[in-house]
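Visitor: here is my input; please provide its structure:
(one chain, ligands or ions: 1)
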Amino acid sequence: MDADYWHKKWSQNDIGFHQDDFNALMVKHFGGLDLRDGAHVFVPLCGKTRDIAWLLQEGFRVTGAELSQTAVEDLFADLSLTPVVTQDGALLRFATPELVVFVGDIFDVTQHALGAVDAIYDRAALVALPADVRARYAKHLIAVTEGATQFVLTFTYDQTTMNGPPFSITADMIVDLYDQHYALKLVDERAVPGKGLKGRTPATEVAWELLPF
Ligand SMILES: C[S@@+](CC[C@H](N)C(=O)[O-])C[C@H]1O[C@@H](n2cnc3c(N)ncnc32)[C@H](O)[C@@H]1O
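Guide: As a prediction, this is how the structure comes out:
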C-alpha cells in the first residue's frame, strides 16, 4: 500500500471506504471524550470524510492529513470552504480558520505544524495500514500530538476471507500498539451493515477510547 495505490484509488474514484453519512459510532460516542468547546481534533488519513463536517458542526477546530490532493479539494468544496494553500516543508497546507488539512505523507506531519492537539479521530486510518507500518504510525501519532486522547474505529473480521485494506485489527493489536501510553476502553461495537465489508465479508466495527495516563 504505497502512495501510488491510494492515488490510483482516488483517480479511479474507487473509494468504497467513503461514507455519505456521518459515522454512527462517532456521533453516538465522540462526546464521551468530554472535550472543551473549540477543542482541536486531528484527523489522520482523513480522505474527504463527512465526519469532518460533523466535528466542525460540533464546534471543534479540525486538522486533517491526507495523501490525495483530489480528496482534499473535494473535502473543501463539499464544505463550501475556500482554503488558502501554502507550501509547508514537504506538505501542502490547505487552511481556513476552522479547518486545516495537510496534503502529503502523514509521516511528514510534525508537531510544530500541527500545534497543540486535544484529540485524535481515527476512522479507517489505522485499519488502512499494513502491519509493518502500523507500529510506526501509532508512535508517530503519539509523538506529534504528545499522546493526545484518541477515538479509534476499527474493523474485526476473519482476515483469511479477504485481503486488506481495511485490515482486521484485533483487541490484542490495539493493546500492542497503544497500552504503553493509554488506558484502553472498548466503547461500543456494531455489525457492519448489509453483507459486511465490501459487500461480502461479515465484520464488526469497534469503537475505542484511548485515554492518556
Ligand atoms: C481507507 S481511506 C479512509 C479515509 C477517511 N479516514 C474516511 O474515513 O473516509 C485511507 C486514506 O488514507 C490516505 N493515506 C494512505 N496512506 C497515507 C499516508 N501515508 N499519509 C497520508 N494519507 C494516507 C489515503 O489516500 C486514503 O484517503
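Visitor: buried ones in stretch 192-206?
Guide: By neighbour count with 16 or more other CB atoms under 10 Å, stretch 192-206 contains the buried residues V192, G196, L197, T201, A203, E205, V206. No exception for glycine: its C-beta is placed from N, CA and C like everyone else's.
Visitor: surely the first one is in contact with A203?
Guide: Pointing back at V192 there. Yes: under the criterion of CB atoms under 8 Å, V192 makes contact with A203 at 4.4 Å.
Visitor: now do the shared contacts for these two.
Guide: With contacts defined as CB atoms under 8 Å, 6 or more residues apart in numbering, the residues shared by V192 and A203 are F155.
Visitor: can you list the low-confidence ranges for this structure?
Guide: Scanning the chain with the threshold set as pLDDT under 70 gives 1.
Visitor: looking at it, which residue is nearest the ligand?
Guide: At 2.8 Å from the ligand, G47 is the closest residue in the chain, using CB to the nearest ligand atom.
Visitor: pretty sure that residue sits in a strand.
Guide: No: counting by DSSP: H, G, I helix; E, B strand; the rest coil, G47 is not found in a strand; it is coil.
Visitor: just give the closest residue to G89, not the sequence neighbours.
Guide: The shortest distance from G89 to any non-neighbouring residue, by CB to CB, 6 or more residues apart in numbering, is to D108 (6.6 Å).
Visitor: against G38, how distant is the nearest residue to D37 once chain neighbours are set aside?
Guide: Setting aside the residues directly before and after it, D37 is nearest to G59 in space (CB to CB, 6+ apart), at 5.2 Å. Distance, G59 to G38, using CB to CB, to the nearest Å: 6 Å.
Visitor: again, but for R136
Guide: Separation of R136 from G38 (CB to CB): 31 Å.
Visitor: how about E98?
Guide: E98 is 10 Å from G38, where distance means CB to CB.
Visitor: what's the answer for F213, then?
Guide: Taking CB to CB as the measure, F213 falls 25 Å from G38.
Visitor: ranges for the strands of the chain?
Guide: Secondary structure of the chain, counting by DSSP state E: strands at 40-44, 61-66, 84-88, 91-95, 99-103, 119-123, 149-156, 182-191, 204-212.
Visitor: helices or strands up against the last one?
Guide: Contacting strand 204-212 under the criterion 3 or more CB pairs under 8 Å, 6 or more residues apart in numbering; DSSP states H and E are the following elements: helix 24-29, strand 149-156, helix 171-178, strand 182-191.
Visitor: near the ligand, which residues of the protein?
Guide: 6, 17-18, 45-47, 49, 65-68, 71, 105-106, 123-125, 128, 165 (CB under 6 Å from any ligand atom).
Visitor: repeat the analysis, applying 8 Å as the threshold.
Guide: Neighbours of the ligand within the chain, by CB under 8 Å from any ligand atom: 1, 3, 6-7, 9-10, 15, 17-19, 23, 43-49, 51, 65-68, 71, 104-107, 122-125, 127-129, 133, 165-166.
Visitor: where do the contact lists of E98 and G38 overlap?
Guide: With contacts taken as CB under 8 Å, 6+ apart, E98 and G38 have R61 as neighbours in common.
Visitor: surely V152 and W208 touch.
Guide: Yes: counting by CB under 8 Å, V152 does reach W208; the two are 4.4 Å apart.
Visitor: contacts only, for N23.
Guide: D51, R123, L153.
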